[in-house]
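1. got a structure for you, letters missing:
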C-alpha cells in the first residue's frame, strides 16, 4: 500500500493556484487548498478547501494540523499589480513563508515547492537566464524578498529534513489574469471595443500560459528535483508580437495603439529563461502555444463581457 | 529643544547587549532594554527594562507601543554555542527580525542597527574581508540567515522610511562570555587549575573585546552611516597567541595542551576584517588591547570562581 500524498496548496484561489488543482488531482495527490477569501465557485470537485490567513499572528499551526500535508505548494504572496515590486508587504510575506515552511517541516512535511520569480536574476544583458549560472542580483524589493526566501530555505532544507524546490516564474497570461496586466488589459479593451494603448513593445519576454505554468509546478512537485527551476517556455517573444496576437484573435487590430505609452524605467530589454532543468530533469514540456493560448484568453474575456 | 532619542535594545541581557547599555546612555539615548529573561542585576541605572519574547506569535506590537523607540539596536538571535551554526532556529529569528524591523518602521522608528556576522562573507582565501568587496557567500545556515535578513531589510529600508545599518561582528571575548567558547573555556579552566585542551591554534582571527564591540555598535547607532560595517579590530591574531595570553595572565601556561584537539572541518585559516568604514566613517577606534582585555577577562573568571 502506498501512503497518501496530501498537498497543501496556498494561494489556491489565485491566478496560478487555481489552475494547479486539476493537474495535482490527476497526479494522484489529495489536494488541500488554502485561500484567505471565499473558495472559488468553479473549483474542481474533490478539492478540500481551508480558509486561512497566512499573515495572521497565530501562524499556520491550525491549518497544518487540519490538512496534515506531506507536500506543500506555496503560491501565496502579495501580488497587487503595480505595487508588488516595491511594497513593504514583501517583508510580511517573506516572514510568513519562512514560518510556513518551518512549521510544515516540523509537522512531518516531506517536500515543499515554492513560487519564485525571474526578478531574482540580474536583468541586464542578453541571453537566457539559467539556474546556477546567471547571477542572482535582484533589482527590486520583490525580487530581493523572493531571493532571500529561497536562499534561506534551500540552505535550511537539510536541517529541516525536507526536499525543497523553487519554481522561478517568468511571464504568464491566461484566463483570470488581473485586469491591469499586459495581456489581460489589451484583451479586455479590444473585446470591449476600446482603444488599447501600450508601450513600443520591443522588449523580449518569455511567456507561458498559466495552465502550463501550473502544470509545470505540479510536475515539479511530483518529481525528486530540488533547488531552483525556471518555469517558462524558453522562447523569447517581443511584447509587440503578443499584442499583435491579441489583435488577430479579436479581429480588432484597429484599436491597438502601440507606442502610445512611454517606456518604464528599469524595464530590461530581454528576459528569457533557460528551460533545460524543467525539460530534462522535471520532464515537463509546455502544451499551449502562444496563438492558441491568446485565443483562449480572448474567448474568456468575451465570456466575462457577455 | 531636541526631541528625545529612545533606543530599544533587544538581547539586552546577552553578551554584547549588556555591554551596550552604558555607551548608549553616555551618548544621550533614553535606553529601553528588552530581555526574555529576568533583567540582569548589575544593569546600569537609568535603563528601562521590558520583558518580551520576540518569537511570541503576537509579535512585537505591545513592546513597540510601550517603548515608542526612535532607534532600534537589535542583538537578539539564537546563539546556543555549538548549535547556532546549523540550527533551524535561525529561520525563526530571521522571520522575527523582519517582523520587528517592519513594525518598528510602521510605528515611526527612524534608524535601525542590527548585528550581523563575518560568517556572511566567503571564508576561503587570505586578506581582509571588506564590506562591498568580499563576496557574500555564507557557508553556514547561520551566515545564510543573517545575509538574507540584511539583504532584504537593506533593500526595504527606503520603502520603510528608515535608516538601516548592519554591524558585522567578527570574534569577540570578554567578561560574561558563554563558557563553551574559546577564550572563556581556556580562561575558566586555567583559573580553576584544570588542563585546557585546544586545537593547534594556527588559525588567524580578528578578536575584539566585547566592550569595544558594544561601543562600536553604540557609535554606529549614533552615526548617519548606513549599510554593512565590520565590527572588528582589523588585526589578525593566531588563536595560539590568544591562548598564550590567557596562559600568561593566569600564570598557568603549564596547564595548556595546545594541539590536543583535532581541527574542526570547514574552519577557515584566516578571518580578519577591513575596518576602514568603522574607523573612517563611523569614527570608532577600539580602546582595549588584547593583553589588557585578556587580563580583565581572567580577573572576571577569578571573581566567578571565588
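-> Received it, and whenever you're ready, just let me know what you need. What you see is a predicted model, and the numbers here were worked out from it, not measured in a lab.
2. Which residues belonging to stretch A:34-41 are considered buried?
-> Neighbour counts over stretch A:34-41 (16 or more other C-beta atoms under 10 Å in any protein chain shown) mark A:34, A:35, A:39, A:40 as buried. The C-beta positions use only the backbone N, C-alpha and C, and glycine is treated the same way.
3. do the same with stretch A:26-33
-> Buried residues in stretch A:26-33, defined by neighbour count with 16+ other C-beta under 10 Å: A:29, A:30, A:31, A:32, A:33.
4. Can you name the residues of the stretch 51-200 of chain A sitting close to chain B?
-> Proximity of the stretch 51-200 of chain A to chain B (C-beta under 8 Å from any C-beta of the partner chain) is limited to residues A:57-59, A:86-88, A:90-92, A:94-96, A:98-99, A:101-102, A:105, A:138, A:141, A:144-145, A:147-149, A:151-153, A:155-156, A:159-160.
5. Now do the strands for the stretch 1-150 of chain A: every range, in order, please.
-> A:6-10, A:30-35, A:48-51, A:71-74, A:111-117 (DSSP state E, counting those that start in this stretch).
6. Report the mean per-residue pLDDT for the second one.
-> Mean pLDDT, strand A:30-35: 97.
7. and that strand with strand A:6-10, angle?
-> Counting by axes from the mean of the first three to the mean of the last three C-alpha atoms, to 10 degrees, strand A:30-35 points 20 degrees away from the direction of strand A:6-10.
8. hmm, who's touching strand A:30-35?
-> A:4-13, A:17, A:21, A:24-25, A:39, A:43, A:46-52, A:54, A:63, A:66-67, A:69, A:76 (C-beta atoms under 8 Å, 6 or more residues apart in numbering or on different chains).
9. distance between it and the chain's centre?
-> For strand A:30-35, the separation from the chain centroid amounts to 17 Å (computed by C-alpha atoms, centre = their mean, to the nearest Å).
10. Can you list the strands that it pairs with?
-> For strand A:30-35, the paired strands and their directions (DSSP bridges) are strand A:6-10 (parallel), strand A:48-51 (parallel).
11. Give me whichever of these is most buried.
-> strand A:6-10 (a mean of 27; mean count of other C-beta atoms under 10 Å in any protein chain shown).
12. What's the mean pLDDT across it?
-> Here the average pLDDT along strand A:6-10 is 98.
13. can I get the strands paired with strand A:30-35 in TSV with distance to residue B:300?
-> Formatted as TSV, these follow (distance: least, C-beta to C-beta, whole Å):
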stretch	distance to residue B:300
strand A:6-10	51
strand A:48-51	55
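14. Of the residues of the stretch 51-200 of chain A next to chain B, select the buried ones using a PyMOL command.
-> Of those, the buried ones go into a single PyMOL selection, burial set by 16+ other C-beta under 10 Å:
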select buried, chain A and resi 59+87+88+90+91+92+94+95+96+98+99+101+102+105+138+141+144+145+147+148+149+151+152+153+155+156+159+160
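15. and residue A:228, what is it in contact with?
-> Each residue near residue A:228 by C-beta under 8 Å, 6+ apart is listed here: A:116, A:131, A:132, A:150, A:154, A:165, A:166, A:167, A:168, A:277.
16. Return the subset of these lying in helices.
-> A:150, A:154 (DSSP state H).
17. and the closest residue to residue A:3 other than its chain neighbours, what pLDDT?
-> For residue A:3, ignoring the flanking residues on the chain, the nearest one in space by C-beta to C-beta, 6 or more residues apart in numbering or on different chains is residue A:70 at 7.5 Å. Per-residue pLDDT puts residue A:70 at 98.
18. what about residue A:70, distance to chain B?
-> 19 Å (C-beta to the nearest C-beta, to the nearest Å).
19. do the same with residue A:33
-> To chain B, residue A:33 is 24 Å away according to C-beta to the nearest C-beta.
20. Repeat that for residue A:188.
-> 30 Å.
21. That residue: how many residues sit nearby?
-> 20 (other C-beta atoms under 10 Å in any protein chain shown).
22. Pretty sure it sits against residue A:302.
-> No. With contact defined as C-beta atoms under 8 Å, residue A:188 does not count as touching residue A:302 (10.0 Å).
23. I'd like the average pLDDT over stretch A:241-257.
-> Per-residue scores along stretch A:241-257 average to 97.
24. Next, the distance between the ends of that stretch.
-> 14 Å (C-alpha to C-alpha, to the nearest Å).
25. just how off-centre is that stretch within its chain?
-> For stretch A:241-257, the distance to the chain centre is 25 Å (C-alpha atoms, centre = their mean).
26. Repeat that for stretch A:182-195.
-> Taking C-alpha atoms, centre = their mean, one finds stretch A:182-195 lying 22 Å from the centre of the chain it belongs to.
27. So what touches it?
-> Outside stretch A:182-195, the residues touching it (C-beta under 8 Å, 6+ apart) are A:173-174, A:177-179, A:196, A:198, A:207, A:239, A:242-243, A:246-247, A:249-250, A:252, A:255-257, A:294, A:297-298, A:301-302, A:304-305.
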